[in-house]
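J.: Structure for the following, please:
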Amino acid sequence: MKNSFWKKLNTGWKILLIAGIVVGIFILIALIYLADYHHAEEDALKEALSNPAVEVKEIDGGYFFDGPGDGTALVFYQGAKVEALGYAPFLTKISERGIDCFLADMPFNIAFFGTDLADKFVNNYQYDEWIGMGHSMGGLVMGNYAAAHPDQFSKLFLLASYPTEKIDEGILFYSIYGSNDECLNRDNYEKCKAKWPPNAKELVIKGGNHSQFGNYGGQSVDGVAEISADEQQAVVVENVIRK
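T.: Next comes the predicted model:
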């Protein structure tokens, strides 16, 4: 019966049917891949959201961490396949020190699907100074966003990441990664140093790894950290708030 049905189809319909099956399989694989992501650690998230110094609000495009400051704000792009709120504890630490934070919540937790989400924040909120930051893939996307908007940020922090477009020399650029990072592609990292501005600052956190810039349980292919996530994040916080 099946062979008879197939024989009755002309070549064009056979091609369309095969193409439809291939596309369907591809979509199914993509959905399975995107549905598997790193979730925020519940205890760390609960502690961050209960911080009396910082009010966390869900807004269009992500989350707003409203702390005691009002002059400077930071926009953060999450790492690939990491729940945005996995960075809430880290951003709360920055916000409570006087820099409000905007956490972009990327579609499917992939920054490439929301490259210009920063526009939603910088175009709708008034601050004297803006800082850009991103982790891993989010850092790459944030770096390229900053390259395309050279007058937007006064500072740019890329965590375990690198830009693939030239960063304007008017932006104070920081590249920060952990010494035990086993996820960062070091060859690409070194090649992309050519995209750094002359004022670039590189900081290697001794004992830190790739995952501990957030609180999402880590990645199996990452190196083992020799310091805590709090200690690793504190290094970044101190550099962010430094004038």
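
J.: going forward, measure contacts and count neighbours with C-alpha atoms only.
T.: Noted.

J.: where exactly do the strands run in the chain?
T.: Per DSSP state E, the chain carries strands over the ranges 55-59, 62-66, 72-77, 100-104, 129-135, 155-159, 172-178, 201-205.

J.: Of all the ones you listed, which one is nearest residue 214?
T.: strand 129-135 (8.6 Å; Cα to Cα).

J.: so for the closest one, what's the average pLDDT?
T.: The average of the pLDDT scores along strand 129-135 is 98.

J.: before we move on, what about stretch 44-57?
T.: Across stretch 44-57, pLDDT averages out at 95.

J.: And for residue 223, the neighbour number?
T.: 19 (other Cα atoms under 10 Å).

J.: What pLDDT is listed against it?
T.: Reported pLDDT at residue 223 in the predicted model: 97.

J.: Isn't it up against residue 209?
T.: Yes. The pair residue 223 / residue 209 is scored as a contact, 5.9 Å apart, by Cα atoms under 8 Å.

J.: what sits in contact with each of those two?
T.: Here residue 223 and residue 209 have 180-182 as joint contacts, going by Cα atoms under 8 Å, 6 or more residues apart in numbering.

J.: which one of those is nearest residue 56?
T.: Lowest distance from residue 56 to the shared contacts of residue 223 and residue 209 (Cα to Cα) belongs to residue 181, with 29.9 Å.

J.: Can you give me the distance of the closest one to residue 209?
T.: 4 Å (Cα to Cα, to the nearest Å).

J.: if we can go back for a sec, got a winner among the shared contacts of residue 223 and residue 209 for most neighbours?
T.: Greatest neighbour count in the shared contacts of residue 223 and residue 209, by other Cα under 10 Å, goes to residue 181: 23 neighbours.

J.: which sections of this structure are below the confidence cut-off?
T.: Scanning the chain for pLDDT under 70 picks out 1-9, 12-37, 243.

J.: Please report how far the residue nearest the centre of the chain lies from residue 140.
T.: Among the residues of the chain, the one closest to the centroid is residue 78, at 2.1 Å (Cα atoms, centre = their mean). As for residue 78, its distance to residue 140 is 10 Å (criterion: Cα to Cα).

J.: Need the residues touching each of those two.
T.: Common neighbours of residue 78 and residue 140 are listed as residue 134 (criterion: Cα under 8 Å, 6+ apart).

J.: which ones are touching residue 233?
T.: For residue 233, the contacting residues are 90, 212-214, by Cα under 8 Å, 6+ apart.

J.: Max pairwise distance over those residues: which two?
T.: 90 and 212 (9.5 Å).

J.: separation between residue 236 and residue 142?
T.: 17 Å.

J.: Between those two, tell me which one has more neighbours.
T.: Per other Cα under 10 Å, whichever of residue 236 and residue 142 has more neighbours is residue 142, with 32 against 20.

J.: for the closest residue to that one other than its chain neighbours, which residues make a bridge with it?
T.: Among residues not flanking residue 142 along the chain, residue 134 sits closest, at 5.7 Å (Cα to Cα, 6 or more residues apart in numbering). Following DSSP bridges, residue 134 is listed with bridge partners residue 77, residue 158.

J.: who touches residue 134 in this structure?
T.: By Cα under 8 Å, 6+ apart, residue 134 lies in contact with 76-79, 140-143, 157-159, 161.

J.: show me the contacts for the residue nearest to the residue nearest to the centre of the chain when sequence neighbours are not counted.
T.: Take residue 78 and drop its neighbours on the chain: the residue closest to it by Cα to Cα, 6+ apart is residue 138, 4.9 Å away. By Cα under 8 Å, 6+ apart, the contact set of residue 138 is 77-80, 110-112.
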